[in-house]
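Asker: Fold the stuff below for me.
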Amino acid sequence: MKKIFYLFALMGLLSSCVSKKNQLIKQNILTLRDSYCKAPFKYNYTNRLPSYNSDSILTANKGLRDYFSDQSILILNALGNLDEVDQIMELKKDSSVAAQVKVLQLKSKINSKITIALTELDAVAAEFDCEGERVAQIGNYVDNLNESRNNKLILYSIIAGASASIAGGIVKDEGWSNAIDIGGGVLGAGFGLSTLNPKGRKVEFIHQRNLLRDIWREKLESPNFPPFIWYMYTEKKFSNREKHSIIQNMKERWLHYQFDDDSDAADHSVIFSDGGYYRANDLHNRAAMLNQMQSATRTINQNINYLLLDLDKLIL
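Answerer: Residues are numbered from 1 along each chain as shown. Predicted structure coming up:
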């Protein structure tokens, strides 16, 4: 009788833990269905986009190469500040107070554009960070679902084994006792094997504003990114080796590490859609990709920092 009492006590304790965990999970998931990270508007592309003919731009402004790196010249062109730099270079020949004041005014105008660009970088990086945290929360939710399911199966396996052991001890007939032991062992093993489901549970996760889809498809423009940021992503001169753009390099890494070099699987992945049913592995991949884009976005600050250093050397 004591064995039976302990068995039911164990069942009640484990069932209570699983039930409470499920209640907490259901309460938390309600706050994660709609994205709280998306920007309140789309970016305006009616203004002139930066030219991608980088070689022509550098050739036309070869006089600036004594003061600026090629990347700095291209950023100045993208911000629309090349005229101000040309004026500063002319004014530097004049040592009058009026010329010096004009130089400071022009530098302030350039700095204003740079400040806006830095603010855009921070905004985009913050959205990637926020979306990454949101996806991580959903991923933890699915992990908890899988853990809860496995806990139940383990519980059933324990119950099956314990019940067979108790019943086998009660039944006096040796044939029936052996049959009960075998049946309980098979049933317990079946529950145990069920915990080895490699895919696990899935959950519906919607993201109609999908920044990763824009990166993967790499169109000429994206209304979800500021034009300047999109230019920095897609101009190959701003990548380390200058052979492929930041986005192209990122896509190659995703294809290799997230999709095992299966481009068809990547093209049809839920990650690049409006959303759908995600398994834990897909959610963790999406979180990793968002974090990678956040890091790539923040590295653009280095290019702007070099531009500021070049400007200071020009004016001093």
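
Asker: low-scoring stretches of the stretch 151-300 of the chain, by residue?
Answerer: Residue ranges of the stretch 151-300 of the chain with pLDDT under 70: 151-200.

Asker: Now do the helices for it: every range, in order, please.
Answerer: 174-194, 211-217, 227-234, 246-257, 263-267, 280-315 (DSSP state H, counting those that start in this stretch).

Asker: of all those, which lies closest to residue 55?
Answerer: helix 227-234 (15.6 Å; C-beta to C-beta). The way it works is simple: take the backbone N, C-alpha and C, and place the C-beta from them, glycine included.

Asker: what angle separates the closest one from helix 246-257?
Answerer: Relative orientation of helix 227-234 versus helix 246-257 (axes from the mean of the first three to the mean of the last three C-alpha atoms, to 10 degrees): 50 degrees.

Asker: list the helices and strands helix 227-234 packs on?
Answerer: With contacts defined as 3 or more C-beta pairs under 8 Å, 6 or more residues apart in numbering; DSSP states H and E, the packing partners of helix 227-234 are helix 70-79, helix 97-170, helix 246-257, helix 280-315.

Asker: how about a cut-off of 10 Å?
Answerer: helix 70-79, helix 97-170, helix 211-217, helix 246-257, helix 280-315 (3 or more C-beta pairs under 10 Å, 6 or more residues apart in numbering; DSSP states H and E).

Asker: a markdown table please, covering those helices and showing distance to residue 223 and mean neighbour count.
Answerer: Supplementary listing: the helices and strands packed on helix 227-234 in a markdown table, determined by distance: least, C-beta to C-beta, whole Å; neighbours: other C-beta atoms under 10 Å:
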| stretch | distance to residue 223 | mean neighbour count |
| --- | --- | --- |
| helix 70-79 | 18 | 22 |
| helix 97-170 | 13 | 17 |
| helix 211-217 | 9 | 19 |
| helix 246-257 | 16 | 16 |
| helix 280-315 | 17 | 18 |
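
Asker: Out of the ones you listed, which is closest to residue 60?
Answerer: So among the helices and strands packed on helix 227-234, helix 70-79 is nearest, using C-beta to C-beta, at 9.1 Å.
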